[in-house]
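In: I'd like to go over a predicted model; first the sequence, then the structure.
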Amino acid sequence: MKQRAYTVRLFEYDQPEELPEEQQKLVERAIEAAKSAYAPYSGYHVGAAALLDNGETISGSNQENAAYPSGLCAERVAIFYAGARYPGIRVKSIAIAAMREGTFQEEPVAPCGGCRQVLYEKETQGKAPMEVILYGSKKIQVIKQVADLLPLPFKFESL
Ligand code: THU
């Protein structure tokens, strides 16, 4: 029997101003995007902004529906739109911000399992790490690659 352990390395900051300018701007775009969420059922507004290798930034917000499972998370809206608008272009980093009743969450909000799977595949296609920036008004966490957030991913090769 072998035992294995996975480690998640997080880089924590107290405020966006401590981040490099590129990351700061991406966080601002995610914050802005959260304001466009359509979330009348959960009241939970999420924004995601993806920085592409061609310099473009694509943002998205969660979009809900009266038939609940038909909605989509902010991260997937952004990543799928990036793929539709700029096929084959790598996503270098993604920032995520969430608010409830007009107030941003103090603690960073990490992507759900389904979104991690989608982010992982995008990272794999890009053949380089995709940085994940999680915004909270009292703490910001940076994860250097999506693979750290999804230790046992379902892979294309598994099909
Ligand atoms: N949501 C996101 O947009 N991203 C996540 O990673 C987790 C949850 C959305 C889905 C739903 O519209 C609302 O937040 C409450 O779950």
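Out: Cool, the structure landed.
In: make it CA atoms for all contacts and neighbour counts henceforth
Out: Noted.
In: who in the protein is up against the ligand?
Out: 39, 42, 44, 46, 62-64, 73-75, 111-112 (C-alpha under 6 Å from any ligand atom).
In: which residues in this protein form strands?
Out: Assigned by DSSP state E, the strands in the chain fall at 10-13, 44-52, 57-61, 91-100, 103-104, 131-135, 140-143.
In: And those: which comes nearest residue 125?
Out: Taking C-alpha to C-alpha, strand 91-100 is the member of the strands of the chain nearest to residue 125, at 9.5 Å.
In: Each with direction, which strands does that closest one pair with?
Out: When pairing is defined by DSSP bridges, strand 91-100 lines up against strand 44-52 (antiparallel), strand 103-104 (antiparallel), strand 131-135 (parallel).
In: Nearest to residue 12, out of those?
Out: Of all the strands paired with strand 91-100, strand 131-135 comes closest under C-alpha to C-alpha, at 9.5 Å.
In: Just the residues contacting the closest one, thanks.
Out: 23, 27, 92-98, 107-110, 140-146 (C-alpha atoms under 8 Å, 6 or more residues apart in numbering).
In: Many thanks, have a good one.
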